[in-house]
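1. next come a sequence and a model predicted from it.
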Amino acid sequence: MTPAPECLSGKQSIDETIAFFTKDAHHRAYPVLSEDGRLLGLVSRSEVLQWQVSGAPVAASLAETLSDASQPTAFTSTPLGEVADLMVMRGIPRIPILDPQSHKVVGLVSRQDLLKARIQHSNIEMVRTR
């Protein structure tokens, strides 16, 4: 899990987001938060490219554009296997991890994180069976 991932503000415009992904983005996707820190959704590099091609309204905010209540999430208490199952069932490459009390984003799990956990588990099993 990537703890405390860099997040974008829902107040940010599409134009600002395009500029961010063009110059400063180090990841493929970022959580987008409301003013009170709640998750509005994820914005990905591929979405930004679609906005550039389709001529999305550049003055619109991410909150206006993204508000997607169907964004799958998991809690810090959710077993990793359930997180992996959810990602496979929904066909998503990453999932925000929320604090169960505050419902604020505390991490982001990607497919790469799942593969790292699997390798670690496999290594433990190999040592245990020797």
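-> Nice, I can see it. None of these values were measured; they are calculated from a predicted model. Numbers count the residues shown, from 1 in each chain.

2. can you list contacts of stretch 75-86?
-> 72, 74, 92, 95, 97-100, 106-107, 109, 114, 117 (CB atoms under 8 Å, 6 or more residues apart in numbering). Every residue, glycine included, has its C-beta placed from N, CA and C.

3. buried ones in it?
-> Thr78, Val83, Ala84, Leu86 (16 or more other CB atoms under 10 Å).

4. which of those fall within helices?
-> Val83, Ala84, Leu86 (DSSP state H).

5. out of the residues you listed, who's nearest Ser54?
-> Within those, the smallest distance to Ser54 is 29.0 Å, found for Leu86 (CB to CB).

6. first vs last residue of stretch 95-102, how far apart are they?
-> 17 Å (CA to CA, to the nearest Å).

7. residues making contact with that stretch?
-> 1, 31, 37, 39, 42, 71-78, 83, 86-87, 104-109.

8. same check on stretch 37-48?
-> Outside stretch 37-48, the residues that reach it (CB under 8 Å, 6+ apart) are 8, 10, 17-18, 21, 25, 28-34, 62-63, 66-68, 71, 73, 94, 96, 98, 102-105.

9. circling back: give the ChimeraX command for selecting the buried subset of the contacts of stretch 95-102.
-> Buried residues within these, by 16+ other CB under 10 Å, are selected in ChimeraX with:
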select :1,31,39,42,71,73,74,78,83,86,87,105,106,107,108,109
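
10. out of the contacts of stretch 95-102, which are inside strands?
-> Pro31, Leu39, Leu42, Ala74, Phe75, Val105, Val106, Gly107, Leu108, Val109 (DSSP state E).

11. partners of the first one in the sheet?
-> Meaning Pro31. Leu42 (DSSP bridges).

12. from Thr65, how far off is Gln50?
-> According to CB to CB, to the nearest Å, Gln50 and Thr65 sit 11 Å apart.

13. higher neighbour count, these two?
-> Ranked by neighbour count (other CB atoms under 10 Å), Gln50 and Thr65 place Thr65 first, with 21 against 11.

14. in contact with the more buried one, which residues?
-> If you count contacts by CB under 8 Å, 6+ apart, then Thr65 has Ile14, Ala56 around it.
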